[in-house]
Every structure is written in C-alpha cells, then in structure tokens.
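>>> Quick one: sequence and predicted model below, then my questions.
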Amino acid sequence: MNDVLYVNGGAPLHGEITVRGAKNFVSKAMVAALLGETPSELRNVPVIRDVGVVTGLLELHGVTVDADVAGGVLRLDPSNVESAHVADIDAHAGSSRIPILFCGPLLHRLGEAFIPDLGGCRIGDRPINYHLDILRQFGAEVDKREQGIHIRAPRGLHGTKITLPYPSVGATEQLLLTAVRAEGITELSNAAIEPEILDLINVLQKMGAIISVDTDRVIRIEGVPRLTGYRHTALSDRIEAASWASAALATAGDIKVKGATQPEMTAFLNTFRKVGGEFDVEEDGIRFFHPGGDLSSIVLETDVHPGFMTDWQQPLVVALTQAKGLSIVHETVYENRFGFTDALRGMGATIQVYRECLGGHPCRFGQRNFYHSAVISGPTPLAAAEIEVPDLRGGFSHLIAALAAKGTSQVRGIGLIDRGYEHFMDKLEALGAEFSRE
Ligand SMILES: CC(=O)N[C@H]1[C@@H](OP(=O)(O)OP(=O)(O)OC[C@H]2O[C@@H](n3ccc(=O)[nH]c3=O)[C@H](O)[C@@H]2O)O[C@H](CO)[C@@H](O)[C@@H]1O
Ligand SMILES: C=C(OP(=O)(O)O)C(=O)O
C-alpha cells in the first residue's frame, strides 16, 4: 500500500474544515441497530475505516447495510440476523475494539456469539476483563479460544447490579447494550458518562429502552422484551475537532472547525485557552487560532469525562513543544500513551517521560513500571524527520509535528490515520498544507 506522506512544513495552517459524526459513537450506534426488530437510520456518519470494519461484521451476521457515503447516511436492516461462520469472523481479528460490543446484541438475537481478537490502538494492555465479568453477571457463559471468544446464554440474560472498578467507556457500553433487553433491572455504579455514551443512550431510548443516568455515575436500566429501529444524527467528533485545534496552535495558524460543538469540549477549550490559544464559538462550529506571541506552559492530567480526555492528549503535546517553560502531562487513562514522543524528541523536542504520577493526583499506574507522565520543555523549533505512525492519535500528532517543522518530513504508515480522521488529506489541502503522497 502507498502509505508514505512527504510533508513540507513550517507554514501556518489556515482555513475551514468540517468534522462529522464521532468515531467513538457511530460504531456503537451501528451495533445497537442489531437490537432492533425494524431497520435503523444513522446520519452524520463519517468515511473512516472503523465504520467499514463494523459494516463488514454486521453484514457477516446478515444485517443489510445501505450507505449514502457522501450524504453520511447508513440504513441498517437487521431483519435477517444469523450466526456467522467462525472462520469468516476470524478475518476481522485485530481490526478494532468494537467486536466485543457485539456480545449482548448477538446473545439476545441468537443465543451465542463468536468474537474475534480485538484491535485498536496499542497504548496500553487494554484487557477486556470488565466486559467478560459483566457478561457473566448477566448469566452468559464465556469460553476463551485461541483466536477470540465464544459466548453463550443458554438460560437467557438477567438484570444485575454491578460496580465498575474504573469508569471504562467500553464496559459501560457493553452493559448498556446487554441490559436493555435483559430480563429485569440492571444498575451500574461507577459508570463512564462520556458524551458518546450519552448519545448511545439517546439511541437506545429511541429504540424503546428505559434508561436513567444519575449525577453520581449510576446508570439504571429496566429491561424490555423488544426494541425497534431508530433514526438518529450522530454527535460530532470532539477528538477530531481538538486534533485540528492543536494543529492550529502548533503551526501558529487559524482553523475553523465546522461541526465542532462546545458542550462536549468544555475541558479542552479551558486548556486550549490556558496554553494561550484563542477560539470563537460560532453558530456552525468553532474557530481555533494562535493569537501571536508566546504560548504558556501548563500542568495537565487526562481523565474520564468530564475531565480532559486522553485522546486529546497526544495532539496537544505537539503544541506544548511550542509553549514557553515546562509543561507537565499526567496520563491516567492508559499506561503507555507516550511512545509517540520518541519521534518528537528526534525532531528536536525536549520531552522526558517518568514513571511517577507528576503534577496531579496519584493514579493507578503510579509506583509501577509505566512511563505515564511527561515533562515538555519549550519552545523548541522542530526539524523535519523520517517518522513512522505508531497509532491513530500518535500518528496525527506526528503529522502535526511534520506540519510545524521546517523542511520535508517523511511520514510512513499514514493508512492508520484513516481509522479516525475522515478525508484528512483533503482537509490538509484545504488548510494550505504542502505535501505529496508517493
Ligand atoms: C472505540 C472507542 O470508543 N475507543 C475509546 C474508548 O476505548 P475503550 O472503551 O477501550 O477504553 P476504556 O474506557 O474501556 O479504557 C479505560 C481504561 O480501562 C481499562 N480497562 C478497560 C476495560 C476492561 O475490561 N479492563 C480494563 O482494565 C483500560 O485498559 C484503560 O486503562 O474509550 C477510551 C477512553 O476515553 C478512548 O481513549 C478510546 O478512544
Ligand atoms: C484509542 C482510540 O481508539 P480505539 O479505542 O479505537 O483504539 C482513539 O480513538 O484514540
């Protein structure tokens, strides 16, 4: 595959781009369609690889997926759901983290499910123990196999009371997608309440589910025997929006992100302002710009919502290499999300990573062998380099660094970026970036 981008950086990005539906919501809403007895329609769907992966898995199970790609509309008809052949399922191994969320819907529809090994970004160990514990508590039997898991529910699925050890996004979604049609009441404490989860709850409620969310991270679900399809417009991608905002800051540019919404980005906007970036919240999006002068160093800790989200961290770190003084970033969601800083150091950034919990509260990774705190000293000019994309957000961060660096950088493995950034090369072009693909 032609996977290399030559980026001629050093000039500010200027212009306007549009973000559509959130990667971390759209894929889950597609899985939810499996629970309905009638077809669903999802709008504002971006063209990203994860949507293709979930489409493939749904089709393997007999769901008809009609796409109006340019219009961003998916019609999902689950009338003929059937068991997929294990060998075909295996072909999807390592593609994304979404397959694990098929468990509840397939158990309700078919009584059993085969789930391939998961993919997703390698930013930590990413176990699925919470998912499997949840499924077992509903009454499912889980059999781990060489390539994935086989799961059955011979006695059906029954509501239960669960407390998560940590507010995991995926585990909360697992519980929701299983509880809505389980027999009886389910209560989840220490739930994750990311905006993408709340939008999934909107979808499930449209389908006929009964779900309440309390302010203390407790979610209650009354199971119902059947659900219908839904019509829904996906919330916009706040990670993509923040990534372009960070690109504006790192290149001293000015980017209007159409489709970006303020309520889901409060924590990012506060941090963006503290670093010295400016923004205007407009009717149809948010304009992010570097006002000139020095950027300021900050102390930052990633956290679950409503905190500063981990997926915003990597792009912002590139902008922090241009801030005056010492910035401290404590990553508390994943134990291994600073690998991408190696390449930044190679480009001239001064970044040290530490095992200690720096600049915030002690987290579950402290006193262990995880380099999960970073100290960034700036501003440092970045120089062009040859870099390899390590993961989705790390890859976009490398792209930002290449755009900020004087000279021509070679960025290899850019195919990974398509997993979460729709038409990113068209957008780079619209912003005046100079690059070529070989
Ligand atoms: C497709 C998708 O929506 N991905 C997002 C989702 O990932 P994902 O749902 O995988 O992330 P989680 O919130 O589950 O993970 C958070 C932490 O919990 C741990 N954990 C999770 C499950 C489990 O069974 N056991 C366990 O220990 C993980 O290793 C991690 O340290 O939420 C993350 C946190 O906002 C985001 O970074 C990802 O972009
Ligand atoms: C970590 C991410 O995604 P995934 O969970 O799909 O690997 C991400 O979107 O930054």
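It's in. Numbering: from 1, shown residues only. Ligands and ions are numbered 1, 2, ... in the order given.

>>> what about the strands in the stretch 251-400 of the chain?
For the stretch 251-400 of the chain, strands defined by DSSP state E, counting those that start in this stretch occupy the ranges 254-258, 278-282, 285-289, 295-296, 299-301, 323-330, 350-354, 373-378, 386-388.

>>> Going by contacts, tell me the helices and strands next to the fourth one.
Contact here means 3 or more C-beta pairs under 8 Å, 6 or more residues apart in numbering; DSSP states H and E; on that basis strand 295-296 packs against helix 266-275, strand 323-330. The way it works is simple: take the backbone N, C-alpha and C, and place the C-beta from them, glycine included.

>>> Helices along the stretch 101-250 of the chain, start to end?
103-110, 129-137, 169-179, 195-207, 238-250 (DSSP state H, counting those that start in this stretch).

>>> Let me have those helices in TSV, extended by mean pLDDT and mean neighbour count.
Converted to TSV, the helices of the stretch 101-250 of the chain look like this (pLDDT from 0 to 100; neighbours: other C-beta atoms under 10 Å):
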stretch	mean pLDDT	mean neighbour count
helix 103-110	95	24
helix 129-137	97	19
helix 169-179	98	26
helix 195-207	98	21
helix 238-250	98	28
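
>>> right, and those helices - which one's nearest ligand 2?
Judged by C-beta to the nearest ligand atom, the one of the helices of the stretch 101-250 of the chain that comes nearest to ligand 2 is helix 238-250, at 6.0 Å.

>>> Skip the chain neighbours and tell me the closest residue to Ala384.
Gly407 (3.2 Å; C-beta to C-beta, 6 or more residues apart in numbering).

>>> Next one: that neighbour from ligand 1, what distance?
Noted for Gly407: a distance of 32 Å to ligand 1, by C-beta to the nearest ligand atom, to the nearest Å.

>>> Who are the packing partners of whichever strand or helix holds that residue?
Per DSSP states H and E, Gly407 falls inside strand 407-412. Strand 407-412 is packed against strand 4-9, strand 386-388, helix 392-404, with contacts defined by 3+ C-beta pairs under 8 Å, 6+ apart.

>>> Need the winner for burial among these.
Looking across these with neighbours counted as mean count of other C-beta atoms under 10 Å, the highest average goes to helix 392-404: a mean of 28.

>>> Show me the contact partners of stretch 117-133.
93-97, 99-100, 103, 142, 147-149, 162, 164-166, 168, 170-171, 174, 334-337, 339, 390-394 (C-beta atoms under 8 Å, 6 or more residues apart in numbering).

>>> again, only using 6 Å
Residues outside stretch 117-133 that contact it (C-beta atoms under 6 Å, 6 or more residues apart in numbering) are 93-97, 100, 142, 147-148, 168, 171, 174, 334-337, 391-392.

>>> What of stretch 138-145?
Everything outside stretch 138-145 that qualifies as a contact, by C-beta under 6 Å, 6+ apart, is Leu132, Ile149, His150, Ile151, Arg152, Ala153, Arg155, Leu157, His158, Thr160, Thr178, Ala182.

>>> and it, how far out from the chain's middle?
Computed by C-alpha atoms, centre = their mean, to the nearest Å, the separation of stretch 138-145 from the middle of its chain amounts to 27 Å.

>>> repeat for stretch 36-49
17 Å.

>>> tell me the mean pLDDT over that stretch?
Per-residue pLDDT over stretch 36-49 has a mean of 97.
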